[in-house]
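A.B. asks: Give me coordinates for this.
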Amino acid sequence: MEERLADPPAAASPPAQAAQDGAPSTAEPPPGAPSTGGPSPAGPAIWSRNFRFYFVARSAGLLSWAMLPVAVSAGLLSGGYGLDTAGYSMAFLVAPFAGLVLFGGVLADRFTARRMMIVADLANLAAHILLALLFIHGIDHLWQLYALLVVAGTANALFQPGASSTVPLVSRDVQGANGVLRTSEAITGLGGPALAGAMVGFGSTGWVMVISAVCYGTSAICLFVLRLGKVPAPPAGQSLWRNLAVGWQEFRSRSWLWGVILIWMFYAVLSWGPQLSVAAGVIVPEHGASAFGLINAALGAGTVAGGLLAIRYKPQRPLAAGAVAMMAYPVYPLGIVLGWPVWLLVAAQVLVGVGIGVWGVMWATSVQTQVPGEVLNRVHAYEVAGSVGMYPIGSALAGPAVGAFGTDTVLVVGVVVGFLTSVALLAARPIRTLRRVPDRA
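C.D. replies: Presented below is the predicted three-dimensional model:
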């Protein structure tokens, strides 16, 4: 088993050069010595042995996560349960993730990200086996379903912080690796719900859970066989609350980091959060559910293209380039307001997807390469809690806002806020001027 290094957070230099889970070590290498974690300089820039295993693990987990909401919701509705039950199920799945992701970051730093991800995968494996039995044999008590969804949500809260911090450890080309992973995320995001929906349609909700369980088992095995170096750790004896406080200090000490999250909070509540349900309320009655599905599939296709583009496109100021790419976002809601035909909305969503894909890679790479390894999991957890955590608020406010102000007004606000998000990102000097960390030689 590997031993952990216990050094003050300030001791590491930004990028996260330290690695995780591998050869035993009891001492920090001397200053200037090459990092023992991460891929060998002689190996491939992206597709190293470690990255290949990590790519399989991450793709398997993303596929399972994409299938779960569709399978549960559709399975319940097809089984005679009401919309309220499906809604409660999603709340039991999402709430533990939002509430516990900060602790997931602390635990990943204390016990290593790889260990926490393997534990999370094994918990998901067990939960999905039981979910399969529940759906195959029939749900006698809803509390059983809710309890298993809480386990799944908690497991993903434990997994998520390490999913980001592991990328710099398995590939020398961090941005290229993020581009590959973003592409995989978009593909699984398209294929997972479609596969789950088709299987539920044939009455096979339980078998969706079986496939998910196999995916989580595959992920755990792939993570187990990673060969990574030693890991910097929080100082020995620090409490969990002290670890959280140090993570917060590291987060707020980087104005470019908290600046993006602050801007993103407004964007999530006023633009991103309401858009899906408001757009559905316009497009489905006018063009049909199939058209709405096609339009959202176009978003996924655009995100794939954006991820592939970001593998090669490496600007010196990544967040500035990502902010420019995000200027495509308002095109889609503007098209809905203007009454564009479906084919033009599809084209708009492809463009939006490219922008989102490029921004996502630039942002993930910046965080992973600028934040020291011993606090990266905690900082990433604060990032997720601050940005993604605001999306449900925007989504919940969509209905009341449409009732109070009208559909077009809500969409126009989303257009304006989407555009101002890019403007604000470019106007903030620490964000605009943040420079790219070169790939490891």
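
A.B. asks: Return the residues in contact with the residue nearest the centre of the chain.
C.D. replies: The residue lying closest to the centre of the chain (CA atoms, centre = their mean) is Gln160, at 7.2 Å. Contact partners of Gln160, counting by CB atoms under 8 Å, 6 or more residues apart in numbering, are 97, 101, 104, 380-381, 384. (Glycine included, C-beta is placed from N, CA and C.)

A.B. asks: Reformat the residues you listed as CSV; add pLDDT, secondary structure and neighbour count.
C.D. replies: Shown next, in CSV, are these (pLDDT from 0 to 100; DSSP: H, G, I helix; E, B strand; the rest coil; neighbours: other CB atoms under 10 Å):
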residue, pLDDT, secondary structure, neighbour count
Phe97, 79, helix, 23
Val101, 81, helix, 25
Gly104, 81, helix, 29
His380, 79, helix, 27
Ala381, 81, helix, 29
Val384, 80, helix, 22
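
A.B. asks: Dump those to CSV, plus distance to Asn178.
C.D. replies: Output for the contacts of Gln160, formatted as CSV (distance: CB to CB, whole Å):
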residue, distance to Asn178
Phe97, 21
Val101, 19
Gly104, 20
His380, 13
Ala381, 18
Val384, 15
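
A.B. asks: Now flag whichever of these is closest to Phe135.
C.D. replies: Of all those, Phe97 has the smallest distance to Phe135: 21.5 Å, by CB to CB.

A.B. asks: Now for the closest one: which residues touch it?
C.D. replies: Phe97 is in contact with 153-154, 156-157, 160, counting by CB under 8 Å, 6+ apart.

A.B. asks: Any chance of TSV for those, columns pLDDT?
C.D. replies: Output for those, formatted as TSV (pLDDT from 0 to 100):
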residue	pLDDT
Gly153	89
Thr154	92
Asn156	89
Ala157	86
Gln160	85
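
A.B. asks: Okay, and which of the residues you listed map to helices?
C.D. replies: Counting by DSSP state H, the part of these found in helices is 153-154, 156-157, 160.

A.B. asks: Show me what the helix or strand harbouring Val70 packs onto, helices and strands only.
C.D. replies: Take DSSP states H and E as the rule and Val70 turns out to sit in helix 49-78. Counting contacts by 3 or more CB pairs under 8 Å, 6 or more residues apart in numbering; DSSP states H and E, helix 49-78 packs against helix 83-111, helix 113-137, helix 142-165, helix 167-170, helix 174-201, helix 205-224.

A.B. asks: For Gly399, which of the ones you listed is the nearest?
C.D. replies: Gly399 sits nearest to helix 83-111 of all the helices and strands packed on helix 49-78, at 12.8 Å, using CB to CB.

A.B. asks: Which positions within the closest one qualify as buried?
C.D. replies: 85-86, 88-90, 92-94, 96-98, 100-111 (16 or more other CB atoms under 10 Å).

A.B. asks: okay, the angle between it and helix 142-165?
C.D. replies: Between helix 83-111 and helix 142-165, the angle comes out at 40 degrees (axes from the mean of the first three to the mean of the last three CA atoms, to 10 degrees).

A.B. asks: what's the domain layout of the protein?
C.D. replies: For the chain, automatic domain parsing gives the domain ranges 49-231, 254-432.

A.B. asks: Export those domains to CSV and append columns for distance to Trp241.
C.D. replies: Converted to CSV, the domains of the chain look like this (distance: least, CB to CB, whole Å):
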stretch, distance to Trp241
domain 49-231, 9
domain 254-432, 12
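
A.B. asks: mind checking which of these is nearest Gly43?
C.D. replies: Taking those one by one with CB to CB, domain 49-231 is closest: 7.3 Å.

A.B. asks: distance between the closest one and the chain's centre?
C.D. replies: The chain centre lies 11 Å from the centre of domain 49-231; the measure is CA atoms, centre = their mean, to the nearest Å.

A.B. asks: again with stretch 294-306
C.D. replies: Using CA atoms, centre = their mean, the offset of stretch 294-306 from its chain centre is 17 Å.

A.B. asks: and if you look at stretch 278-291?
C.D. replies: In terms of CA atoms, centre = their mean, the centre of stretch 278-291 is found 27 Å from the chain centre.

A.B. asks: how about it: buried residues?
C.D. replies: For stretch 278-291, by 16+ other CB under 10 Å, it's 278-279, 281-283, 291.

A.B. asks: To what extent is Arg115 buried, counted in neighbours?
C.D. replies: Neighbour count for Arg115, taken as other CB atoms under 10 Å: 21.
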